[in-house]
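S.K.: Sharing a model that was predicted from the sequence below.
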Amino acid sequence: MRAVVQRVDGASVAVTDGSGTETVGEIMGEGLCVLVGVTHEDTPEKAAQLARKLWSLRILEGEKSCSDVNAPLLVISQFTLYGDARKGRRPTWNAAAPGPVAEPLVDEVVARLRELGARVETGRFGASMRVSLTNQGPFTVLLDL
């Protein structure tokens with residue numbers, strides 16, 4: 001699994017469809033916005049490991065973690081994290097797991113975070129999403145598990 005983790009001071013995700021735009025997930029104040037990518041070899045155990053890492057990662061103000069200050073997380077599926085653009089001008093997505101594999105694993109990350117006591121907002125898997133955030137710092141970390 002791969003995650004791009006941003007320390008934020010507020011973030012939201014909106015979905016646009018034929019009936020308009022709807023905000024489906026939003027966090028206020030200090031927290032983390034996390035883009036999660038899944039590859040073919042990922043497992044529920046890796047999802048649980050990622051959840052524990054996100055909950056305890058000490059990147060908030062004062063080297064605190066979400067678990068230290070009960071900060072919220074906005075978790076958004078992002079298959080393009082496994083895009084490969086080393087050759088040519090068009091990325092390939094071969095390393096990204098297909099939806100039927102990826103969606104349950106992203107859901108598992110969210111479920112495990114909630115089991116740990118986290119307040120988690122999400123995007124909508126497979127939807128056309130617009131993510132807005134204020135990156136605090138800026139502070140961005142790439143996690144590969």
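M.R.: Here it is on my side, so go on. Numbers count the residues shown, from 1 in each chain.

S.K.: Show me which parts of stretch 59-68 are buried, residue by residue.
M.R.: 59, 60, 65, 66, 67 (16 or more other CB atoms under 10 Å). Glycine gets a C-beta too; all of them are placed from N, C-alpha and C.

S.K.: Mind exporting the C-alpha coordinates of it to PDB?
M.R.: The C-alpha trace of stretch 59-68 is given here as PDB (Å, rounded to 0.1, in the frame of the first residue of the first chain):
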ATOM      1  CA  ILE A  59       3.700  14.800  12.200                       C
ATOM      2  CA  LEU A  60       1.200  17.100  13.700                       C
ATOM      3  CA  GLU A  61       2.200  20.400  15.400                       C
ATOM      4  CA  GLY A  62       4.500  19.700  18.300                       C
ATOM      5  CA  GLU A  63       5.400  16.300  17.000                       C
ATOM      6  CA  LYS A  64       2.000  14.900  18.100                       C
ATOM      7  CA  SER A  65       0.100  12.100  16.400                       C
ATOM      8  CA  CYS A  66      -3.700  12.000  15.600                       C
ATOM      9  CA  SER A  67      -4.000   9.600  18.600                       C
ATOM     10  CA  ASP A  68      -2.300  12.100  20.900                       C
END
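
S.K.: mean confidence score for it?
M.R.: Here stretch 59-68 scores 97 as its mean pLDDT.

S.K.: Then stretch 39-52?
M.R.: What stretch 39-52 shows for mean pLDDT is 98.

S.K.: Give me the residues contacting it.
M.R.: Residues outside stretch 39-52 that contact it (CB atoms under 8 Å, 6 or more residues apart in numbering): 1-3, 36, 82, 95-97, 101, 105-106, 108-110, 112-113, 115-116, 143, 145.

S.K.: rerun that using 6 Å as the cut-off
M.R.: The contact list for stretch 39-52 (CB atoms under 6 Å, 6 or more residues apart in numbering) reads 1, 82, 95, 97, 105, 108, 109, 112, 113, 145.

S.K.: out of those, which is most surrounded?
M.R.: Of all those, the highest neighbour tally under other CB atoms under 10 Å goes to residue 109, namely 27 neighbours.
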